[in-house]
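> Provided below are the primary sequence and the corresponding predicted coordinates.
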Amino acid sequence: MRAAGVVSNYALFGATAQIRYTEPLATLDADVLVTLPDSGRLDILRPLYEFCEAGGYPIEGEAIRVGAWPVQFIPVFNTLTGEALEQAETADFDGVPFRVVGAAHLAVIALSVGRGKDYARILALLESGAVTREEIAALASRHGLAEAWIRFKRRFVDE
Amino acid sequence: MNDIPEMLDRQAAWQRSRRLLPWPVKIRMAEMAREAIKQLRDDGARSKPRKDDAR
């Protein structure tokens, strides 16, 4: 997709990225952060959907079916996700290099979303040792989430 | 009864050890869990009593 100019960059995030560091967990879909070439269109994901459909990957609602997985492509939506994408790591998936968002960014994106399952994600990443409290605190602070981190820590980590 | 805390510790250690599996292996485990959840959801939806079944 990068070679075809449909996306400028991509990285896996969400639960399927978290599984790199933690125990496996059940998830219904795979999320991929993308940056897209500036097309000036309002429906910015349309060329991506058309490209996938032409390649034999069917559209299912908001997602595109790739093998067993519905894959959702999410354009970067703030400086935090933009940075997460830029600084993503390249992981090996059965010999195939794959860009994946790193543990600290996964934790802070989860903090910014703030649902129960996102909090569980932060705790799992901390428990796995993939990221430290200090790393989360520093990154959260740089992205205006210092208060959210303090509240989370008080509620789930300190007690 | 006294064995239970020890057994739970062993179980927790076993569960934690799954973290160390290679990423592709863990993704495939998640894939299996996903299929099982879908199956349960589908079965649940099929067996859900309809309103008029309650009469």
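Structure received.

> A:Asp92 - nearest residue in space that isn't next to it in sequence?
Distance criterion C-beta to C-beta, 6 or more residues apart in numbering or on different chains; nearest residue to A:Asp92, sequence neighbours excluded, is A:Phe98 at 7.4 Å. For every residue, glycine as well, the C-beta is placed using N, CA and C.

> so the one you found, which of the three states?
Here A:Phe98 takes the strand state, with states given by DSSP: H, G, I helix; E, B strand; the rest coil.

> Which positions in the longest helix along chain A come out as buried?
Secondary structure of chain A per DSSP state H: the longest helix is helix A:116-128. Buried residues in helix A:116-128, defined by neighbour count with 16 or more other C-beta atoms under 10 Å in any protein chain shown: A:Asp118, A:Tyr119, A:Arg121, A:Ile122, A:Ala124, A:Leu125, A:Leu126, A:Ser128.

> average model confidence for that helix?
Across helix A:116-128, pLDDT averages out at 95.

> which other helices and strands contact it?
If you count contacts as 3 or more C-beta pairs under 8 Å, 6 or more residues apart in numbering or on different chains; DSSP states H and E, helix A:116-128 packs onto helix A:15-18, helix A:103-113, helix A:133-142.

> Can you check what angle separates the longest helix seen in chain B from strand A:96-100?
Ordering each helix of chain B by length in residues (DSSP H) puts helix B:23-47 first. Going by axes from the mean of the first three to the mean of the last three C-alpha atoms, to 10 degrees, helix B:23-47 is angled at 70 degrees with respect to strand A:96-100.

> does helix B:23-47 come close to chain A?
Yes: counting by C-beta under 8 Å from any C-beta of the partner chain, contacts between helix B:23-47 and chain A involve B:23-24, B:26-27, B:29-31, B:33-38.

> How about the residue sitting nearest the centre point of chain B, nearest residue that isn't a chain neighbour?
Centroid check for chain B by C-alpha atoms, centre = their mean gives B:Ala33 as the closest residue, at 6.3 Å. Nearest non-adjacent residue to B:Ala33, counting by C-beta to C-beta, 6+ apart: A:Ala26, 3.9 Å away.

> For the one you found, list the residues it contacts.
By C-beta atoms under 8 Å, 6 or more residues apart in numbering or on different chains, the residues touching A:Ala26 are B:Ala30, B:Ala33, B:Arg34, B:Ala36, B:Ile37.

> go on, B:Lys26?
A:Ile19, A:Arg20, A:Glu23, A:Pro24, B:Arg18.

> Could you identify the pair within those residues that is furthest apart?
Pairwise distances across the contacts of B:Lys26 peak at 12.7 Å for A:Arg20 and B:Arg18 (criterion: C-beta to C-beta).

> Give me the buried subset of the residues of helix B:23-47 next to chain A.
B:Trp23, B:Pro24, B:Lys26, B:Ile27, B:Met29, B:Ala30, B:Glu31, B:Arg34.

> Before I go, just wanted to say thanks for your time.
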